[in-house]
Every structure is written in structure tokens, then in C-alpha cells.
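**Q** sequence unknown, structure follows:
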């Protein structure tokens, strides 16, 4: 079994050693090492260059080092009909729950105003409505989104969820499809985007959607930067239609130093840290999925290529 590893140079050698230790029967090559490309069975990747994957003629499977697979699907010459496996774990869910709940609570309790008051040495007490009167909307109810929606409901928020297809989540008002989206947005005071990136969802966070929210609503985006039309958000912030935004993902990463988000008083920028994969747990999950694939067993993380996620 031969594996090629394409990942950022800072951790590439560590990942190679880690996967080799977990899978001693395999041989793990870094992308820049000499190898017979026709003998490579598996590609373990994060943001491979376009057209790189097609240079491996006999790939059995492509594995993403993370839950997202848009960095693979964007390849204009992606080899057809090769299975793709994402990498998920309890660790990813826990980290995403932590981040989303932290920032929903930060917006709910208006902590930015408290921090500003501290800078001015002002004693500013803010009495806010209880969580059960605060409508939080989660767009995208997959593994991570559904988990966050349940957790927010458990804290006591009035939670709504929107997905492409119908589903049920205890404690969450679920809406689905294009017909359900407007009803979902009605009354949502804090909107959390957790959608997969597909041609249908690209640019979904736009001027029209913002107009469907109550004036002064807040946005949290932990999905992909391409979901957001940045100019539309800046305009909505200027008009007050959107009261504040917490953004963890961007069109260009790292975010350029001259980007207006950096200095905007109503935008919190975090450097794509909502749910970074733990390499130890992630490596074990990758190896487990390779062994399941070899054995012909069912794999929960297998991507539905027709849906694109």
C-alpha cells in the first residue's frame, strides 16, 4: 500500500512519520519525494495544486486532511469517479461547538461593548434578554452544524436550523429547501453559517439574505469564505442592517493586511481556528478510513460526489 501526502510544509515531515507509525504495512511519500506515481494507491491532501492529483494514474481514493472537501473539488481536472473521504472526529466536533457557542454567547451578551467600556474605564452593566428569547439560526445541519444546533438549544437558545433536505433535530425548529429559507431567516437575531461549499451555496451570504434578517442581526461564518459576498456585508454593516459579524473564514487566507475587515469596529476576525484538526486524532482517523476502504467496509466519512459533500 503506497500513500502520497500533500500538506503544508511546516508539518509535512511530522505527518509522514505519524502516518508511517500508524500504518507500518504502508509506505508514505511526501509530495516532493521521488516515487513511482503509477503505484500510488492513496492521496492524503490539504489544498493540493490544481491538476496535481491527475498525475497519479491508479489512485484508489483521495482523503482530505479535514472535514472540508471543496479544496479538492475545485480542481478543474480532478480525476473522475475516484472516491473522496473527509476526515472527521469527535475532536473536530468539540472544537467547533466551543467556537460557535463562545461567539454566539459573546454576541448575545454584547461583550464587545463591555470590552470597549473597559478601554474607556467605564463601568457599563448591560442587562440582556434571556437566551430563550434570542433566536439563533444555524444554516447547514450536517455533522458539525447539527451538533452545534443541538448544543445551542441545550444552553437555552431559541434555535432554528436550515438544510437542503428535511430532517429532525430535538429542540430545533428545522426548515428545508428554497421554500423554507425565508421563513427560517425571519426573526433570526444571530445567524451561523455552517454550510458546505457547493455551486448552490457560494455567495449565499449576500445583500438579499441580509435584508431577510431582522435589522441589526449578527453573522457568524465558520464555513467557507466563498459563502460570503464581502462587499454586501460591508454595506449591510454600514447601514446597520447587520449589527456585527464574527468571521473565521475568508476568500483569501491569510487575510491581507489592508483588508477592511481588520479595522472594522463591528467585525471580529479570527484566523480560521474554529475547528482545526488535532493531528494525532486526525491521523488515526485517516488510517482507520484507509483500512476500512481496503476491507470494503462502510465509511461514514465517504463523500457523496453527486451532492458535492
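**A** Thanks, I have the structure now. These figures come from a predicted structure and were not determined experimentally.
**Q** tell me the first helix or strand C-terminal of the helix or strand encompassing residue 21.
**A** Assigning secondary structure by DSSP states H and E places residue 21 in helix 12-22. Using DSSP H and E, the next helix or strand after helix 12-22 towards the C-terminus is strand 27-30.
**Q** give me the contact list for that following strand.
**A** Contact partners of strand 27-30, identified using C-beta atoms under 8 Å, 6 or more residues apart in numbering, comprise 1, 2, 3, 4, 5, 12, 13, 16, 19, 20, 35, 40. C-beta here means a position set from N, CA and C on the backbone, and glycine is covered the same way.
**Q** do stretch 13-23 as well
**A** Applying C-beta under 8 Å, 6+ apart, the contact partners of stretch 13-23 are 1, 3, 5, 7, 26-30, 44, 65, 279-280, 283-284, 286-287, 290-291.
**Q** next step: those restricted to helices.
**A** Here DSSP state H is the test, and these give 279, 280, 283, 284, 286, 287, 290, 291 as lying in helices.
**Q** show me which of those residues is closest to residue 171.
**A** Checking those against residue 171 with C-beta to C-beta, the nearest one is residue 284 at 31.7 Å.
**Q** so what's the residue count around that closest one?
**A** Using other C-beta atoms under 10 Å, residue 284 is surrounded by 16 other residues.
**Q** please report how far the closest residue to it other than its chain neighbours lies from residue 15.
**A** Once flanking residues are discounted, residue 284 sits nearest to residue 22: 6.2 Å by C-beta to C-beta, 6 or more residues apart in numbering. Distance, residue 22 to residue 15, using C-beta to C-beta, to the nearest Å: 11 Å.
**Q** look at the two and report which has more neighbours.
**A** Comparing residue 22 with residue 15 by other C-beta under 10 Å, the one with more neighbours is residue 15, at 22 against 17.
**Q** how close does the more buried one get to residue 24?
**A** Residue 15 is 16 Å from residue 24, by C-beta to C-beta.
**Q** just residue 216 next, same as before
**A** For residue 216 relative to residue 24 (C-beta to C-beta), the value is 57 Å.
**Q** looking at those two, which one has more neighbours?
**A** residue 216 (11 against 7).
**Q** list the contacts for that one?
**A** Residue 216 sits next to 189, 240, 241, 242, 243 when contact means C-beta under 8 Å, 6+ apart.
**Q** mind redoing it with 7 Å?
**A** Residue 216 makes contacts with 240, 243, as judged by C-beta atoms under 7 Å, 6 or more residues apart in numbering.
**Q** these two touch, right, residue 281 and residue 92?
**A** No. If you go by C-beta atoms under 7 Å, residue 281 and residue 92 don't touch, sitting 8.3 Å apart.
**Q** for this structure, what spans make up the strands?
**A** In the chain, the strands defined using DSSP state E lie at 2-6, 27-30, 42-45, 61-64, 84-85, 135-139, 158-163, 172-176, 190-193, 217-221, 242-247, 267-269.
**Q** so can I have CSV of those strands showing mean neighbour count and distance to residue 201?
**A** Shown next, in CSV, are the strands of the chain (neighbours: other C-beta atoms under 10 Å; distance: least, C-beta to C-beta, whole Å):
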stretch, mean neighbour count, distance to residue 201
strand 2-6, 22, 26
strand 27-30, 17, 33
strand 42-45, 25, 22
strand 61-64, 23, 18
strand 84-85, 22, 18
strand 135-139, 26, 9
strand 158-163, 24, 11
strand 172-176, 19, 14
strand 190-193, 26, 9
strand 217-221, 24, 12
strand 242-247, 22, 16
strand 267-269, 17, 22
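**Q** export the ones you listed to JSON lines and tack on mean pLDDT?
**A** As requested, those are exported to JSON lines (pLDDT from 0 to 100):
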{"stretch": "strand 2-6", "mean pLDDT": "98"}
{"stretch": "strand 27-30", "mean pLDDT": "98"}
{"stretch": "strand 42-45", "mean pLDDT": "98"}
{"stretch": "strand 61-64", "mean pLDDT": "98"}
{"stretch": "strand 84-85", "mean pLDDT": "98"}
{"stretch": "strand 135-139", "mean pLDDT": "98"}
{"stretch": "strand 158-163", "mean pLDDT": "98"}
{"stretch": "strand 172-176", "mean pLDDT": "98"}
{"stretch": "strand 190-193", "mean pLDDT": "98"}
{"stretch": "strand 217-221", "mean pLDDT": "98"}
{"stretch": "strand 242-247", "mean pLDDT": "98"}
{"stretch": "strand 267-269", "mean pLDDT": "98"}
